[in-house]
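Trainee: Could you look at this predicted model? Sequence included:
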Amino acid sequence: MIVMKFGGTSTQDAKAQSNVASIIHNHVHLSPVVVISAIAKGTNYLERAGKFAEQGNSEEAIALLTELFARHYQILETNVQDSTRKKGVLDVIQHSFNELKELVRGVSILRELTPRTLDAFYCFGELLSSRLIAATCQEKGIDAVWLDTKEFMVTEANHNRAMPIMELVQEKLSVIALPLIRQGKVIVTQGFIGITQNGFRTTMGRESSDYSATIIGAALNADEIQIWTDVDGILTADPRVVSSPKKVKTMLPEEAFELSYFGAKVLHANSMLPALEKNIPVSIRNSMNPSHDGTKVTTGSNTKSCIKSIAYKNNVSVITLSPYKRYGQFIFWEHVYNILTKYDVTANVTTTSEFNVALALDSKYNLTAIVHELSSVGKITMFDRKGIVCVVGFGIQQTPEFLSRIFASLQGMKLSVISFGASKSSITLVLNEQEVEHAVRQLHREFFEGEIDVELFEQNLQE
């Protein structure tokens, strides 16, 4: 049994959804469970509609929803010809549109968009897209059955950032999904969304359908989890920054996790964790080029020491903190991390020296409030407009040559923070934001623009 997840660009219109159904058809013999994202930009439309409603602008909100639903109607009209099937999906779309309009009116009256209400907006994207995919699959003769995640994806009640309760997810999927799989059914369900034990819709964070897929794969002990996207696999760097990225053929799970955590867009940051725990291979493949092998992430990957890829992220601030009174390191650290926990902050990089601490945090957090509270325990210095470059590859710690080449490539650039040793597979560098892309290009030139190891890399077919 495999899990196949298709992202928004793979489901964006009638042609794309028909292509997805064809790919699923070619994998029916592997008993796929299919996880579907909202159509491209669908979640953005729903969020914007909610924000307009919060401002009292219900007309603009409903205009956005009308535009979004027109795309769904077009997909249905093009891909589904059976009259009974078409009417069933049409009724669902129309009912969903009416529900959303009522939601808009309610938010417009209250002028309040809570996280729980925002999740109520968000869920419609995946619910509708997956309905259309299920119907399109049935049109192609696939014995597909649509399954709502409210039947199994039980999460905590932390709206917009909910975490699954794995014991309940596994228990419910074993009861609901396994009998359907044994009957030869192809289950089509949603990514990104779940439900609390009290019956309220939740989401697990933007772009988290990959995470949903690996949760389902881990719960069902799948043989493989396939992430279908719009690129041929994991690349050696962002093609928007370097001119000739290579495709990585295989990668260790630890390497993939480092890349996703530090900004690579191919995988959601949490997506590798469930697969890692169950040792399930994850493949990243291109729905526009389905015959291509993509990148396989597995513990059986080549363990030759080498640099595999370079990730980066911008909009980072560095906070350095030294205590007013040195009672003890552990007391000081406890104060610092209690404050970070209070604001639900995940530090990109943390380094310490005796009592001093340096934190690299995404600028999206409420840094004003965080700095205010941290200033109660120590002297603060903050540096804005920073970025992170993460060089990922097996054997970095054991190969001093890699370090010398990395630092030689970055000669003349001012490094604010260096993190090395906590991970066996990466070195992380914080530098000025305006130098980040230049740093990526310099490192890529050093490690990937000469002769390449054909066992590990191949030319990116989309160049």
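Mentor: Cool, the structure landed.
Trainee: Now stretch 441-459: average pLDDT?
Mentor: Averaging pLDDT along stretch 441-459 yields 87.
Trainee: what residues does that stretch touch?
Mentor: Residues from elsewhere that reach stretch 441-459, judged by Cβ atoms under 8 Å, 6 or more residues apart in numbering: 236-237, 241-242, 244-250, 302, 304, 306-308, 310, 389, 391, 405-406, 408-410. Placement of C-beta: from N, CA and C, glycine included.
Trainee: Please indicate which of those are buried?
Mentor: Neighbour counting by 16 or more other Cβ atoms under 10 Å classes 236-237, 241-242, 245-250, 306-308, 310, 389, 391, 405-406, 409-410 among the contacts of stretch 441-459 as buried.
Trainee: Mind checking which of those residues land in helices?
Mentor: Arg405, Ile406, Ser409 (DSSP state H).
Trainee: Which residues are in contact with the second one?
Mentor: When contacts are counted by Cβ under 8 Å, 6+ apart, Ile406 touches Val391, Ile427, Leu429, Leu443, Glu446.
Trainee: The first one now?
Mentor: Under the criterion of Cβ under 8 Å, 6+ apart, the contact partners of Arg405 comprise Glu446, Phe447.
Trainee: how close does it get to Glu258?
Mentor: Counting by Cβ to Cβ, to the nearest Å, the gap from Arg405 to Glu258 is 18 Å.
Trainee: repeat for the second one
Mentor: Distance of Ile406 to Glu258, given as Cβ to Cβ: 15 Å.
Trainee: measure Gly300 to Thr250 for me?
Mentor: Counting by Cβ to Cβ - Gly300 and Thr250 are separated by 8 Å.
Trainee: Actually, His29.
Mentor: Taken as Cβ to Cβ, the span from His29 to Thr250 is 24 Å.
Trainee: wouldn't Ala14 be in contact with Thr78 here?
Mentor: Yes: with contacts counted by Cβ atoms under 8 Å, Ala14 reaches Thr78, the gap being 3.7 Å.
Trainee: Settle it for me: which of the two has more neighbours?
Mentor: Ala14 (17 against 14; other Cβ atoms under 10 Å).
Trainee: who are the neighbours in contact with the more buried one?
Mentor: The neighbourhood of Ala14, defined by Cβ under 8 Å, 6+ apart, consists of Gln74, Ile75, Thr78, Asn79.
Trainee: Can you check the pLDDT for it?
Mentor: pLDDT at Ala14 comes out at 97.
Trainee: any idea how far Lys86 lies from Thr189?
Mentor: On the measure of Cβ to Cβ, Lys86 and Thr189 end up 21 Å apart.
Trainee: With neighbour numbers in mind, choose between these two.
Mentor: Remark: of Lys86 and Thr189, Thr189 carries more neighbours, 28 against 16, as counted by other Cβ under 10 Å.
Trainee: Can you tell me whether I have it right that the more buried one is in a helix?
Mentor: No: counting by DSSP: H, G, I helix; E, B strand; the rest coil, Thr189 is not found in a helix; it is strand.
Trainee: Quick check, pLDDT for it.
Mentor: Thr189 is given a pLDDT of 98.
Trainee: So what pairs up with it in the strands?
Mentor: Val35 (DSSP bridges).
Trainee: Correct me if wrong: it contacts Asp148.
Mentor: Yes: between Thr189 and Asp148 there is a contact under Cβ under 8 Å: 7.3 Å.
Trainee: which residues of this protein score low on pLDDT?
Mentor: 263-266, 268-269, 301-302, 460-463 (pLDDT under 70).
Trainee: Can you show me the helices along it?
Mentor: Under DSSP H, the chain gives helices at 14-25, 42-54, 58-79, 83-110, 115-139, 166-182, 209-219, 253-261, 272-278, 329-342, 367-374, 400-409, 436-448.
Trainee: Let me know which of the ones you listed is the nearest to Asn314.
Mentor: helix 436-448 (6.0 Å; Cβ to Cβ).
Trainee: Now that closest one: buried residues?
Mentor: The neighbour-count check on helix 436-448 (16+ other Cβ under 10 Å) flags Val436, Glu437, Ala439, Val440, Arg441, Gln442, Leu443, His444, Glu446, Phe447, Phe448 as buried.
Trainee: Could the C-alpha coordinates of that helix be exported in CSV?
Mentor: Output of helix 436-448 as CSV, limited to C-alpha atoms (Å, rounded to 0.1, in the frame of the first residue of the first chain):
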residue,chain,number,x,y,z
VAL,A,436,22.1,35.3,1.3
GLU,A,437,21.5,34.6,-2.4
HIS,A,438,25.1,35.4,-3.3
ALA,A,439,26.2,33.0,-0.6
VAL,A,440,24.0,30.3,-2.1
ARG,A,441,25.4,30.9,-5.5
GLN,A,442,29.0,30.8,-4.3
LEU,A,443,28.4,27.5,-2.4
HIS,A,444,26.6,26.0,-5.3
ARG,A,445,29.4,26.9,-7.7
GLU,A,446,31.9,25.3,-5.3
PHE,A,447,30.1,22.0,-4.8
PHE,A,448,27.9,21.4,-7.8
